[in-house]
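Undergrad: With the sequence up front, the predicted model follows.
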Amino acid sequence: MTGRITLSGLRARGNHGVYDFERAEGQDFVVDVTLELDLGPAARSDDVTDTVHYGELATALVGVLTGEPVNLLERLADRLLDVCLADPRVKSAVVTVHKPQAPIPHEFADVAVTLHRSRS
């Protein structure tokens with residue numbers, strides 16, 4: 001029974017960016033992830049060990065967001081995908097990284113990068 005687990009709006013402060021002031025001051029990043037996996041075992045057993053524990057996933061993703069800085073959202077999203085696919089039960093994952101405080105000299109609502117990866 002293929003299904004999806006979605007975690008939306010996970011927010012953490014990181015020091016990612018191309019500019020020195022982004023690295024020094026930091027800013028908020030918001031992440032949305034969707035995992036595709038077989039949810040049948042968990043549906044039958046009602047046991048959290050038969051699925052991806054989204055609380056543990058959130059903690060691991062925040063570790064990346066607050067961890068070693070990178071220049072680009074593309075690289076950050078790739079690192080977050082690595083976390084999502086660390087569990088071999090996950091068939092594919094989609095990660096969107098939002099940078100609502102990006103240094104853009106115009107009024108804007110959000111800027112985001114989305115990456116998708118499937119197991120080969």
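TA: Looks like it arrived, so ask away.

Undergrad: Show me the helices in this structure, by range?
TA: Secondary structure of the chain (DSSP state H): helices located at 20-25, 40-45, 54-65, 73-84.

Undergrad: what's the most buried one of those?
TA: Mean neighbour count (mean count of other CB atoms under 10 Å) peaks for helix 73-84 among those, with a mean of 19. Using the backbone N, CA and C atoms, a C-beta is placed for each residue, glycine as well.

Undergrad: For Glu56, give me the pLDDT.
TA: For Glu56, the model assigns a pLDDT of 98.

Undergrad: what does the one 3 residues further on give?
TA: Predicted confidence (pLDDT) for Thr59: 98.

Undergrad: okay, the helices of the chain in TSV with distance to Ala93 next?
TA: Converted to TSV, the helices of the chain look like this (distance: least, CB to CB, whole Å):
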stretch	distance to Ala93
helix 20-25	26
helix 40-45	17
helix 54-65	10
helix 73-84	4
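
Undergrad: Relative to Asp110, which of those helices is closest?
TA: Asp110 sits nearest to helix 73-84 of all those, at 11.5 Å, using CB to CB.

Undergrad: The closest one packs against which elements?
TA: strand 27-38, helix 54-65, strand 90-98, strand 112-118 (3 or more CB pairs under 8 Å, 6 or more residues apart in numbering; DSSP states H and E).
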